[in-house]
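Q: pasting a predicted model and its sequence here:
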Amino acid sequence: MTQKAIELSGTIDAQRRLVLDDQLPVKGPARVRVIIILPDDEEIDESSWLRAAAANPAFEFLKDSAEDVYSVKDGRPFRDEG
């Protein structure tokens, strides 16, 4: 049996009901399986993630000069307009 995943966000209200932020992109009635992923009580901020990635030995290969395949002259500047 093939399964398809759809990711939507929502809120659990005071009556413990799940209220989705958007409508489901499928027609019903249909049985579904729901997996709820709750955020950790302690969110890790971006600077902590960056420090952990910089100290991770899995990225040691990036220090090899052979990995420097691009220069400042490659590509065009990206300006996020959103």
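A: Nice, I can see it.
Q: the spatially closest residue to residue 25 that is not a sequence neighbour: neighbouring residues, count only.
A: Here the nearest residue to residue 25 in space, its sequence neighbours aside, is residue 6; by Cβ to Cβ, 6 or more residues apart in numbering that works out to 6.4 Å. The way it works is simple: take the backbone N, C-alpha and C, and place the C-beta from them, glycine included. Other residues near residue 6 number 8, with proximity taken as other Cβ atoms under 10 Å.
Q: same question, residue 8
A: Around residue 8 there are 11 other residues, counting by other Cβ under 10 Å.
Q: was I right about it contacting residue 21?
A: Yes. Counting by Cβ atoms under 8 Å, residue 21 is a contact partner of residue 8 at 6.5 Å.
Q: re the thing from before, look up how far residue 46 lies from the residue nearest to residue 25.
A: Distance check for residue 6 against residue 46: by Cβ to Cβ, to the nearest Å, it reads 28 Å.
Q: now swap in residue 16 and tell me
A: Residue 16 sits 32 Å away from residue 46, going by Cβ to Cβ.
Q: swap in residue 68?
A: Where residue 46 is concerned, residue 68 sits at a distance of 25 Å (Cβ to Cβ).
Q: distance between the ends of stretch 26-36?
A: Taking Cα to Cα, to the nearest Å as the measure, stretch 26-36 stretches 19 Å from start to finish.
Q: what about it, average pLDDT?
A: Over the span of stretch 26-36, the pLDDT mean works out to 91.
Q: for it, give me every contacting residue.
A: Residues from elsewhere that reach stretch 26-36, judged by Cβ atoms under 8 Å, 6 or more residues apart in numbering: 6, 12, 18.
Q: what comes up buried for that stretch?
A: By neighbour count, with 16 or more other Cβ atoms under 10 Å as the criterion, stretch 26-36 contains no buried position.
Q: centre of the chain versus that stretch, how much separation?
A: On the basis of Cα atoms, centre = their mean, to the nearest Å, the separation between the geometric centre of stretch 26-36 and that of its chain is 22 Å.
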